[in-house]
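Asks: Take this sequence and fold it.
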Amino acid sequence: MVGQKEMLVALAVLSEGEKGKRLFSFVSPRDQAPLERLVHQCLREPRNFMKERLKNLSLYEGRLAFEETHPEWFIEGLREESPRLLRLLIDFLSVPRQEALLGYLSSDQRRQIPRTTRPVSPALLDQVRLLIERKIRGDVPPASEGRFTFVHIASLKGEDLKTLLKDLGMDEVCRAFHGLNPSFIRALFSRCPLSDASEMNKRLQSGEEIPLEEKKKSQKHLLSLPLGQMSPEALFLEVGFSLFGRALNVAEIDFMRPLASRLPLAEGYRLLRALDERRISGVETDTAARKRIFRSLKALFRQEKIQRYWKDEEELETTSLFREAG
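Replies: You can find the predicted model right below:
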């Protein structure tokens with residue numbers, strides 16, 4: 001939850017000062033550095049400021065779920081708002097997210113942000129939440145940790161979402177190029193980063209047979225997209241956006257739109273465009289693309305490239321859609 005680590009650190013520092021660091025000796029080495037930074041920040045702040053910070057965090061906790069929103073969306077959505085609103089937003093973000101947001105601001109913008117805020121009533125926080133959600137297209141409530149369903153995709157963190165979309169795009173490109181002239185494929189590889197070229201080569205050499213109709217479908221899909229002179233990374237994502245949109249039914253489109261705010265601004269707008277195109281196309285849901293999304297999620301989790309968004313592997317296996325995906 002947002003603010004839990006800050007609350008723990010602030011309480012320890014207020015109570016024990018520098019000795020409060022000893023309370024975090026039980027955490028893993030990976031978590032030590034972020035906690036050290038939090039302790040250092042708390043030690044620099046006046047005690048009155050830390051007490052106000054604790055009061056605010058206790059009010060924010062569980063009310064505003066913007067930890068996964070990319071900083072560019074905050075800056076874009078709140079461009080015309082008072083710096084005090086941005087200060088309020090910063091106060092309920094975790095320290096790593098605060099640092100990420102401040103990193104996107106100019107030096108002039110950072111100077112305009114007030115140093116501190118007073119404790120804020122829950123009623124006002126609700127108004128702030130509504131305002132920010134309206135400005136940045138809202139946020140997605142987390143799915144339960146039970147049986148995996150398509151709803152869990154709405155819980156993907158930004159990096160995991162991007163990993164999934166890129167994987168879908170790469171899979172579609174490999175399907176379209178399956179069995180083509182090797183010299184053409186080598187030319188494609190020469191444009192890709194070494195890791196992507198290696199992954200594509202592994203998929204093309206996997207021995208998996210792609211039925212002719214499926215290959216033609218993938219080729220037709222690629223030809224329908226305005227790919228132009230995109231870099232390989234952008235191309236894979238663009239294809240992934242389109243394939244993801246095709247897999248949704250009409251009722252799911254609006255539910256998935258807030259996912260755009262978890263990506264950088266330009267990529268988020270590309271996802272929104274793909275969803276809008278899906279809405280106006282009037283075509284039926286591509287059930288084959290839907291199954292491929294589940295297969296991709298399953299593989300990415302097993303390769304430890306994304307986090308787990310369901311209860312455990314058994315829950316994943318007993319989900320009918322995963323069984324159908326193979």
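Asks: For the stretch 151-300 of the chain, give me the ranges with low pLDDT.
Replies: Filtered on pLDDT under 70, the stretch 151-300 of the chain yields the residue ranges 151, 181, 184, 207.
Asks: Show me the helices in it, by range?
Replies: Under the criterion DSSP state H, counting those that start in this stretch, helices of the stretch 151-300 of the chain are mapped to 158-177, 182-191, 194-204, 212-223, 232-247, 250-256, 265-281, 287-302.
Asks: what sits up against the shortest one?
Replies: Where contact means Cβ atoms under 8 Å, 6 or more residues apart in numbering, the residues beyond helix 250-256 that reach it are 140, 150, 151, 153, 154, 245, 248, 275, 278, 279. In this view, the C-beta of every residue, glycine as well, is placed from N, C-alpha and C.
Asks: try 6 Å
Replies: 275, 279 (Cβ atoms under 6 Å, 6 or more residues apart in numbering).
Asks: now do the second one
Replies: For helix 182-191, the surrounding residues in contact (Cβ under 6 Å, 6+ apart) are 177, 197, 232.
Asks: so that helix versus helix 158-177, what angle?
Replies: 160 degrees (axes from the mean of the first three to the mean of the last three Cα atoms, to 10 degrees).
Asks: Can you point out the buried residues in helix 182-191?
Replies: Neighbour-count burial for helix 182-191 flags 185, 189 (criterion: 16 or more other Cβ atoms under 10 Å).
Asks: how about the CA coordinates for it, as PDB?
Replies: Included here for helix 182-191 are C-alpha records, laid out as PDB according to Å, rounded to 0.1, in the frame of the first residue of the first chain:
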ATOM      1  CA  PRO A 182      16.400 -16.000 -44.600                       C
ATOM      2  CA  SER A 183      18.100 -13.000 -46.000                       C
ATOM      3  CA  PHE A 184      15.000 -10.900 -45.400                       C
ATOM      4  CA  ILE A 185      14.900 -12.100 -41.800                       C
ATOM      5  CA  ARG A 186      18.600 -11.300 -41.300                       C
ATOM      6  CA  ALA A 187      17.900  -7.800 -42.500                       C
ATOM      7  CA  LEU A 188      15.200  -7.500 -39.900                       C
ATOM      8  CA  PHE A 189      17.500  -8.800 -37.200                       C
ATOM      9  CA  SER A 190      20.100  -6.300 -38.100                       C
ATOM     10  CA  ARG A 191      17.700  -3.500 -37.000                       C
END
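Asks: Now do it against helix 232-247: the angle between them, please.
Replies: Helix 182-191 runs at 110 degrees relative to helix 232-247, counting by the same axes, to 10 degrees.
Asks: ditto for the last one
Replies: Relative orientation of helix 287-302 and helix 232-247, computed by the same axes, to 10 degrees: 130 degrees.
Asks: you'd agree residue 90 is up against residue 98?
Replies: Yes - with contacts defined as Cβ atoms under 6 Å, residue 90 counts as touching residue 98 at a distance of 5.3 Å.
Asks: Tell me how many other residues crowd residue 87.
Replies: Neighbourhood size, residue 87 [other Cβ atoms under 10 Å]: 15.
Asks: For the one helix or strand it maps to, the averaged confidence score.
Replies: Secondary structure from DSSP states H and E places residue 87 in helix 83-91. Taken as a whole, helix 83-91 carries a mean pLDDT of 81.
Asks: So what angle separates the directions of the next helix or strand after it and helix 83-91?
Replies: Counting by DSSP H and E, the next helix or strand C-terminal to helix 83-91 is helix 95-103. Relative orientation of helix 95-103 versus helix 83-91 (the same axes, to 10 degrees): 150 degrees.
Asks: mind listing what's buried in helix 95-103?
Replies: For helix 95-103, burial by neighbour count (16+ other Cβ under 10 Å) applies to 95, 97, 98, 101.
Asks: Find the nearest non-adjacent residue to residue 277, please.
Replies: Closest residue to residue 277 apart from its sequence neighbours, by Cβ to Cβ, 6 or more residues apart in numbering: residue 245 at 6.5 Å.
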